[in-house]
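In: After the sequence you'll find the predicted model.
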Amino acid sequence: MIVLWDLYNEPGNSGYGNKSMALLKKTFEWGREVNPSQPLTAGVWRLKLKDLNEYQLENSDVISYHNYEDDNLHKEWIDSLKIYGRPLICTEYMARTRNSRFENILPMLEKENVSAINWGLVAGKTNTIYAWDTPIPDGSEPELWFHDIFRKDGTSYSKDEIELIKRLTGIK
């Protein structure tokens, strides 16, 4: 089942800024041409990309966003996005090393009625147990994982996190 189409991940990233606008506009145009039954979105992710953000927010059926900040700063983003009067979906969060953790973010998202997608699940080839700016050359497991929930063998990084996720999502 497809819930929504996230058309463009982080427009303007890698220093492209507004050079990404033409492709962003085309991406929405292509998405609308096929007349999908699911909503279209492109998540805002960096406040300083004002022109791109404005276009994304005006053209998204639901508002999606990335936020790797702690719960207080994350809540500020939510408050600024609620003014659009559309459902909110946080499509990237959870950076344990930046105090964006399940235990402080998920309860706040639930209280604010914001859906969330955790894109890191199992430690593996995407290497999202490692923070962007903290490589470990020998590939050993960091003491504090950045993303991800499970090891390759299926054991959890944190039993407490698993219990919290189960409780908040109603999984038995």
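Out: Received it, and whenever you're ready, just let me know what you need. Numbering: from 1, shown residues only.
In: What are the boundaries of the strands in the chain?
Out: 5-6, 40-41, 63-66, 88-92, 115-116 (DSSP state E).
In: Now the residue lying farthest from the centre of the chain. Its backbone dihedrals?
Out: No residue in the chain sits farther from the centre than residue 138, which is 28.2 Å out by C-alpha atoms, centre = their mean. Dihedral angles of residue 138 (phi, psi; degrees, to the nearest 10) stand at phi -80, psi 0.
In: What separation do you get for it and residue 78?
Out: For residue 138, the distance to residue 78 (C-beta to C-beta, to the nearest Å) stands at 39 Å. All C-beta spots, glycine's among them, are computed from the backbone N, C-alpha and C.
In: One more: residue 162?
Out: According to C-beta to C-beta, residue 162 stands 25 Å off from residue 78.
In: do the same with residue 27
Out: Distance of residue 27 to residue 78, computed by C-beta to C-beta: 25 Å.
In: beta partners of the residue nearest the centre of the chain?
Out: With distances taken as C-alpha atoms, centre = their mean, residue 92 lies nearest the centre of the chain, 1.2 Å away. Beta-bridge partners for residue 92, by DSSP bridges, are residue 66.
In: My read is that it contacts residue 45, right?
Out: Yes. Between residue 92 and residue 45 a contact is recorded at 7.4 Å, counting by C-beta atoms under 8 Å.
In: what sits in contact with each of those two?
Out: Both residue 92 and residue 45 are in contact with 66-67, where contact means C-beta atoms under 8 Å, 6 or more residues apart in numbering.
In: any low-confidence regions in this structure?
Out: Judged against pLDDT under 70, the chain has no low-scoring part.
In: Just the helices from it, written as ranges.
Out: Listed in chain order, the helices of the chain (DSSP state H) span 21-33, 50-59, 71-82, 102-111, 159-169.
In: got JSON lines for these, with mean neighbour count and distance to residue 9 too?
Out: Listed next are these as JSON lines, based on neighbours: other C-beta atoms under 10 Å; distance: least, C-beta to C-beta, whole Å:
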{"stretch": "helix 21-33", "mean neighbour count": "14", "distance to residue 9": "10"}
{"stretch": "helix 50-59", "mean neighbour count": "17", "distance to residue 9": "11"}
{"stretch": "helix 71-82", "mean neighbour count": "16", "distance to residue 9": "17"}
{"stretch": "helix 102-111", "mean neighbour count": "17", "distance to residue 9": "20"}
{"stretch": "helix 159-169", "mean neighbour count": "13", "distance to residue 9": "24"}
